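Enquirer: here is the input, now give the coordinates:
(4 chains)
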There are 2 protein chains.
Amino acid sequence: MSKPPMKATARTKLLEAALTVIRTKGFSATTVDDLCAAAGVTKGAFFHHFQSKDALGVAAAEYWSEMTGTLFAGAPYHAPEDPLDRLLAYLAFRKELLAGDLPEFTCLVGTMVQETYDTAPAIRDACARSITGHAETLEADIEAAIRARGLTPTWSAKSLALHTQAVIQGAFILAKSGGGAQIAADTIDHLIRYVKLLFGLADASAPATARVGPA
Amino acid sequence: MSKPPMKATARTKLLEAALTVIRTKGFSATTVDDLCAAAGVTKGAFFHHFQSKDALGVAAAEYWSEMTGTLFAGAPYHAPEDPLDRLLAYLAFRKELLAGDLPEFTCLVGTMVQETYDTAPAIRDACARSITGHAETLEADIEAAIRARGLTPTWSAKSLALHTQAVIQGAFILAKSGGGAQIAADTIDHLIRYVKLLFGLADASAPATARVGPA
DNA sequence: GACTCCATACCAACTGGTTGGTATGTTTTG
DNA sequence: CAAAACATACCAACCAGTTGGTATGGAGTC
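Expert: All right, here's what the predicted structure looks like:
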């Protein structure tokens, strides 16, 4: 999160700054001057690269999709051979990401869409693409896990994939309302338990995490 | 939501207006003039009743707690004798509330806390009290359901109560990102399925809703 | 029961600072 | 040198909050 991966041009410096500032203060409360100060550039540079503040919002959502896309694509949770193990490893990975301060692990697009869904359709759509796009990366594994276990569920792989994202987004809201990373981890534990129950991996009284030692 | 239950003084008119306007535009994007216009009062009246815009935010969160408190206290989901049935009836009730436009069924404090958790501690705390206070109304039923079935779960009643709220908050985010009420209902269905699985009420392939007829 | 006294509720106009955005340079790069 | 990248100076609109004032109603007093 701290290393701008591309060339440190004003555009990427502004986008990188946007990730932190917007997640801290929200989109509307973030001023163009805030972003320029955090990025160490001037207003002229800002409006050279972005037509408007809303345009930066769209670009930030797309930048967020790229960053998280490469993060998750390169993450080790894809290693297991069993698709259900991959799904569970993904959820464990999401738990591991709950470190540091809130603006470091919460979701930019989840924050932005709440403020803009009715007032800035372009930003809302960019956020929606980010969320559903990420959810879609889970669908294949869920589908394969269903087939591997010969289930005929009343729910769809897509629906479960979206549910995981809903739980994670909700976990962030609870974390922001004072619970911190711990309450978010607890909620993801419930999600892990749900997935295990769905696929018959554990009963209701089993612990949620398989690998992390004692309770 | 449409009937101001108390005397239509400027204060309650402003609070009632705040519920709709803030849920539509977000807290920071809502101006004091917006609220005055929606309430049909002037700015003088606003600052007579509220010291600042932030003070209105706190009052709005508390007003929201009162309104939802009486709504849920008077709801029919308390009727069943079995505590687990009451919990499931609560979740079914939450699904029924997903009607109308987004600003009508989404959560004021969930929206506000995202914008203010780092910048306005007083508002954040008021939102936190609202969420945890509502979650606590579920704990007794969950606890009773655990005892009634002789379970010894690794999760606590409090943790499950908070999880339900996380799922519902996350459902609102997905709804705002374009899925609408339908995607929120799907996610609550997953939550209902999880609760049933936790208490051994159904297997993974059973439909989520017991009472609403055909799929 | 008329009178003063005073607090509450509300209003219209104003202000000083802020905000998104622009106009016009200057520097860097290919 | 020409175009892109960035900086400086500036503006009109907006915004939270203030000021000074009016209307109303209830308490106390004689």
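
Enquirer: using PDB, write out every CA atom in the helix or strand containing A:His163.
Expert: In the assignment (DSSP states H and E), A:His163 maps to helix A:157-174. The C-alpha coordinates for helix A:157-174 follow below in PDB (Å, rounded to 0.1, in the frame of the first residue of the first chain):
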ATOM      1  CA  ALA A 157     -22.200 -19.900  -7.100                       C
ATOM      2  CA  LYS A 158     -22.700 -16.300  -8.100                       C
ATOM      3  CA  SER A 159     -25.000 -15.700  -5.200                       C
ATOM      4  CA  LEU A 160     -22.500 -17.200  -2.700                       C
ATOM      5  CA  ALA A 161     -19.700 -15.200  -4.200                       C
ATOM      6  CA  LEU A 162     -21.600 -12.000  -3.700                       C
ATOM      7  CA  HIS A 163     -22.600 -13.000  -0.200                       C
ATOM      8  CA  THR A 164     -18.900 -13.300   0.800                       C
ATOM      9  CA  GLN A 165     -18.400  -9.700  -0.400                       C
ATOM     10  CA  ALA A 166     -21.400  -8.500   1.500                       C
ATOM     11  CA  VAL A 167     -20.100 -10.100   4.700                       C
ATOM     12  CA  ILE A 168     -16.700  -8.500   4.200                       C
ATOM     13  CA  GLN A 169     -18.200  -5.100   3.500                       C
ATOM     14  CA  GLY A 170     -20.400  -5.400   6.500                       C
ATOM     15  CA  ALA A 171     -17.400  -6.400   8.600                       C
ATOM     16  CA  PHE A 172     -15.700  -3.100   7.600                       C
ATOM     17  CA  ILE A 173     -18.700  -1.100   8.800                       C
ATOM     18  CA  LEU A 174     -18.700  -2.900  12.200                       C
END
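
Enquirer: and the one residue sitting closest to the centre of chain A, what is it in contact with?
Expert: Centroid check for chain A by Cα atoms, centre = their mean gives A:Cys107 as the closest residue, at 4.9 Å. Listed by Cβ atoms under 8 Å, 6 or more residues apart in numbering or on different chains, the contact partners of A:Cys107 are A:23, A:168-169, A:172. C-beta here means a position set from N, CA and C on the backbone, and glycine is covered the same way.

Enquirer: got phi/psi on it?
Expert: Geometry field for A:Cys107 lists phi and psi as phi -100, psi 120, criterion degrees, to the nearest 10.

Enquirer: now the one 5 residues further on
Expert: Backbone torsions for A:Met112, taken as degrees, to the nearest 10, come to phi -70, psi -40.

Enquirer: what about it, how many residues nearby?
Expert: Neighbourhood size, A:Met112 [other Cβ atoms under 10 Å in any protein chain shown]: 31.

Enquirer: relative to chain B, how far out is it?
Expert: Remark: distance between A:Met112 and chain B (Cβ to the nearest Cβ, to the nearest Å) = 10 Å.

Enquirer: check A:Ala157 too.
Expert: 12 Å.

Enquirer: ok, and the closest non-adjacent residue to that residue?
Expert: Spatial nearest neighbour of A:Ala157, excluding adjacent residues (Cβ to Cβ, 6 or more residues apart in numbering or on different chains): A:Ile142 at 3.9 Å.

Enquirer: contact partners for that neighbour?
Expert: Per Cβ under 8 Å, 6+ apart, neighbours of A:Ile142: A:83, A:87, A:157, A:160-161.

Enquirer: from DNA strand D, how far out is it?
Expert: 42 Å (Cβ to the nearest atom of the strand, to the nearest Å).

Enquirer: off-centre distance for whichever strand or helix holds that residue?
Expert: Element membership for A:Ile142 (DSSP H and E) is helix A:121-148. Once both centres are worked out by Cα atoms, centre = their mean, to the nearest Å, helix A:121-148 turns out to sit 11 Å from its chain's centre.

Enquirer: ok, stretch A:86-100 next?
Expert: Distance, stretch centre to chain centre, for stretch A:86-100: 11 Å (Cα atoms, centre = their mean).

Enquirer: any residue of it up close to chain B?
Expert: No: Stretch A:86-100 stays clear of chain B (Cβ under 8 Å from any Cβ of the partner chain), getting no nearer than 12.9 Å.

Enquirer: same check on stretch A:130-138?
Expert: Yes: using Cβ under 8 Å from any Cβ, stretch A:130-138 reaches chain B at A:131-132.

Enquirer: show me what residue of chain A gets nearest to DNA strand D.
Expert: Distances between chain A and DNA strand D by Cβ to the nearest atom of the strand are smallest at A:Gly44, namely 2.2 Å.

Enquirer: ok, and the closest non-adjacent residue to A:Tyr63?
Expert: Per Cβ to Cβ, 6+ apart, closest to A:Tyr63 is A:Leu15, 4.4 Å.

Enquirer: A:Ala122 too?
Expert: Leaving out its chain neighbours, the residue that sits closest to A:Ala122 by Cβ to Cβ, 6+ apart is A:Val58, at 5.2 Å.

Enquirer: rewinding a little: could you give the angle of the helix holding A:Ile142 to helix A:157-174?
Expert: Counting by axes from the mean of the first three to the mean of the last three Cα atoms, to 10 degrees, helix A:121-148 lies at 120 degrees to helix A:157-174.
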